[in-house]
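# coordinates for the following, if possible.
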Amino acid sequence: MATFHLSTQLILAILNFMMFHYPAIAIFPPACNQIECPSYTVIATGDGFEIRSIDSSVWITTAPIADISFINATQSGFHQLYNYIQGNNDEHQKIEMTAPVLTDVQPSEGPFCDSTFQVSFYVPKVNQGNPPSENGLKEQNWGVTYVAVRQFDGFAADDNVGKEAAALYGSIAGTNWSDAINNRHENATDYIVAQYNSPMEFKNRVNEIWITFDWES
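A predicted model of the protein is given here:
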């Protein structure tokens, strides 16, 4: 029987082709096997992105935070939300931790100007009927929501979230979804960062960029 040997250069060429020509399929966030997350349905996948339909959900959201740093704004917002779920709310009610924690990013027009951030916590289903209120936080009720999603690992940081968002917008350009997203986001720069892991978790981290849009099937 003949034996065939592939050269290192050919193997690298094959891997390179697969990396850039086959769709990147997002994994189900492992954290959602341990704590409650909003339920969703994957309705399409593409090269470097996934389209989801997120079921109706309730979120508690901070007031807008002006900051030059995604990290600083997210930490500030998360501190408010953590106090909220620990019972620092009008009902003195403790609420279970959920995932993901969202940071809505509206980038500034210049590199040395403040961007605007809002941080949100997903309310568990048992509390969604009447979540407690708290000064400085507001309840947001999402109907069925369509999102384009790009996953990345490691830690979400100032030096990578913008690049990942740009990559998602680039992946969607020219697809069947681009018109709906461009109509929803006129300046094509805003996005949401979804973080599923505790800062103390260093393995199997999953982060996502979300771009919400309206869609009529």
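
# and the residue nearest to residue 149 when sequence neighbours are not counted, what does it touch?
Take residue 149 and drop its neighbours on the chain: the residue closest to it by Cβ to Cβ, 6 or more residues apart in numbering is residue 50, 4.6 Å away. Bear in mind the C-beta positions are built from the backbone N, C-alpha and C, glycine included. By Cβ atoms under 8 Å, 6 or more residues apart in numbering, the contact list for residue 50 reads 25-26, 42, 44, 148-151.

# for residue 74, what are phi and psi?
phi -60, psi -40 (degrees, to the nearest 10).

# measure it to residue 156 for me?
According to Cβ to Cβ, to the nearest Å, residue 74 and residue 156 sit 8 Å apart.

# these two: who's more crowded?
Under the criterion of other Cβ atoms under 10 Å, the comparison of residue 74 against residue 156 puts residue 74 first, with 25 against 22.

# ok, and the closest non-adjacent residue to that one?
Nearest-residue entry for residue 74: residue 103, 4.8 Å, with adjacent residues in sequence omitted and distances by Cβ to Cβ, 6+ apart.

# show the contacting residues for the one you found.
With contacts defined as Cβ under 8 Å, 6+ apart, the neighbours of residue 103 are 70, 73-74, 77, 117-120, 192-193, 195.

# quick one: which of these is nearest to residue 215?
When these are compared for distance to residue 215, the smallest value, 16.5 Å, is given by residue 192; criterion: Cβ to Cβ.

# phi and psi next, for the residue nearest the centre of the chain.
The structure's the chain has its C-alpha centroid closest to residue 194; by Cα atoms, centre = their mean the separation is 2.7 Å. Recorded main-chain torsions at residue 194 are phi -110, psi 120, according to degrees, to the nearest 10.

# run through the bridge partners of it.
residue 102, residue 208 (DSSP bridges).

# and the gap between it and residue 93?
Distance of residue 194 to residue 93, given as Cβ to Cβ: 25 Å.

# what does residue 174 give?
With distances taken as Cβ to Cβ, residue 174 is found 48 Å from residue 93.

# which of those two has more neighbours?
Using other Cβ under 10 Å as the criterion, residue 174 and residue 93 rank with residue 93 on top: 15 against 8.

# would you double-check that that one falls in a strand?
No: judged by DSSP: H, G, I helix; E, B strand; the rest coil, residue 93 forms no part of a strand; its state is coil.

# how close does the nearest residue to it once chain neighbours are set aside get to residue 118?
Residue nearest to residue 93 in three dimensions, not counting chain neighbours: residue 132, with 4.9 Å by Cβ to Cβ, 6+ apart. Applying Cβ to Cβ, one obtains 19 Å for the distance of residue 132 from residue 118.
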